[in-house]
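Chemist: model this:
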Amino acid sequence: MDFGIKNKTALITGADSGIGLETAKKLATEGAKIILSDIKEKDLENAKKDLLKTSSDAKVYLLPLDLSDPVKVDEAAEKVKKEYGGIDILVNCAGARGAAGDFMTLSDADWMKTIDIDLMGAVRLCRAFLPQLLERKWGRVVTIASENAFQPYIEESPYNACKAAIINLTKCLSRAYSKDNLLFNCVSPAFIETPMTDAMMEELAKKRNTSVKEAVDYFLKTDRPYIAVERRGTPAEVANVITFLCSDLASYVNGSNYRVDGGAVESAFG
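Modeler: Numbers count the residues shown, from 1 in each chain. Okay, the predicted model is just below:
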């Protein structure tokens, strides 16, 4: 099957591990040139080595970047334009759980730190790289939202709000730039095997004095009872959907949100 993205240039943030790295691997397999971006260059070097194990002839570049710094984001866009000719695909995978806990215990600083990463990171990237997509008159932007946007969990109010905002932002941009042949979509995973959920399960295991596997089983039963497949998802399962949305096969998909959640959202219309 031809995805139509051979020789397209894809920038993936949050690409040192998890969904971001797996998406980079899938896109590289389809012949795309890959720009891996995350905060630490050493982590990106390790991610590149991992990617090249599956696509040894892939063209892979590294872009260390702190998305909380708008000046650095703009500089990164200029660098990509100058050195690689610009991008065709932007996948916003960077994010963090951020501050969590009882709503009344979360300060403005807690909220702003989460918003700065989970919402404004995507805003800054879209603003900085949109001119490159507009110039090419072809583009795909996929941003990671979450089941939390539809089914919020009380201890994660900043994260919930940011992911709902991401879906709204995506819809707004899809309406604004579809005339320029740019397509914007979201993917909403739930309980995927990533470093973020690994840390959550390790914390729960320590709290309950159990193994991590037992913590996962407990969490599935008590906190995610609607995951019909009764397991955590894998980064590859999410990356498969992202890859589709980055391709020519998704040419009539715009402003949409795809839930990759094993049935985690209880409502049929979320």
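Chemist: could you pull out the helices for the stretch 101-250 of the chain?
Modeler: With DSSP state H, counting those that start in this stretch as the definition, the stretch 101-250 of the chain shows helices at residue ranges 108-118, 120-136, 157-177, 195-208, 212-222, 235-245.
Chemist: Show me what the lengthiest strand in the chain packs onto, helices and strands only.
Modeler: Looking only at the chain and at elements set by DSSP state E, the strand with the highest residue count is strand 182-189. Under the contact definition 3 or more C-beta pairs under 8 Å, 6 or more residues apart in numbering; DSSP states H and E, strand 182-189 sits against helix 120-136, strand 139-144, helix 157-177, helix 235-245, strand 257-260. Heads up, the C-betas are built off the backbone N, CA and C, glycines and all.
Chemist: what comes into contact with it?
Modeler: Judged by C-beta atoms under 8 Å, 6 or more residues apart in numbering, the contacts made with strand 182-189 from elsewhere in the structure are 19, 130, 133-134, 138-147, 149-150, 163, 166-167, 170-171, 173-174, 177, 233, 238, 241-242, 245, 250-251, 253-261.
Chemist: Low-confidence regions, the protein specifically.
Modeler: Across the chain, residues meeting the criterion (pLDDT under 70) sit at 270.
Chemist: ok, now with 80
Modeler: Within the chain, the ranges that satisfy pLDDT under 80 run 1, 268-270.
Chemist: Quick one: name whatever helix or strand follows the strand or helix carrying Leu44.
Modeler: Secondary structure here is read from DSSP states H and E; on that basis Leu44 sits in helix 41-54. As assigned by DSSP H and E, the chain's next helix or strand after helix 41-54 is strand 60-64.
Chemist: Sheet-wise, list the partners of that next one with their directions.
Modeler: If you go by DSSP bridges, strand 60-64 pairs up with strand 33-38 (parallel).
Chemist: buried set for the partner strand?
Modeler: By 16 or more other C-beta atoms under 10 Å, the buried positions in strand 33-38 come out as Lys33, Ile34, Ile35, Leu36, Ser37, Asp38.
Chemist: For Cys93, grab the count of nearby residues.
Modeler: The burial metric for Cys93, expressed as a neighbour count using other C-beta atoms under 10 Å, is 29.
Chemist: Pull the contacting residues for it.
Modeler: Ile12, Thr13, Gly14, Ala15, Gly18, Ile19, Gly20, Thr23, Ile144.
Chemist: Quick check: it vs Asn168, distance?
Modeler: To Asn168, Cys93 is 19 Å away according to C-beta to C-beta, to the nearest Å.
Chemist: Test my guess that Thr243 contacts Phe3.
Modeler: Yes - assessed by C-beta atoms under 8 Å, Thr243 is found in contact with Phe3 at 6.8 Å.
Chemist: returning to that earlier point: now the angle from the longest strand of the chain to strand 139-144?
Modeler: What separates the directions of strand 182-189 and strand 139-144 is an angle of 20 degrees, with axes from the mean of the first three to the mean of the last three C-alpha atoms, to 10 degrees.
Chemist: Strand 182-189: how far from the chain's middle?
Modeler: A distance of 9 Å separates the centroid of the chain from that of strand 182-189, by C-alpha atoms, centre = their mean, to the nearest Å.
Chemist: Also stretch 229-236?
Modeler: On the basis of C-alpha atoms, centre = their mean, stretch 229-236 sits 16 Å off its chain's mean C-alpha point.
Chemist: Same question for stretch 31-38.
Modeler: Computed by C-alpha atoms, centre = their mean, the chain-centroid distance of stretch 31-38 equals 14 Å.
Chemist: what's in contact with that stretch?
Modeler: Residues outside stretch 31-38 that contact it (C-beta under 8 Å, 6+ apart): 5-16, 20-21, 24, 27-28, 44, 47-48, 51, 58-65, 76, 80, 84, 87, 89, 94, 246.
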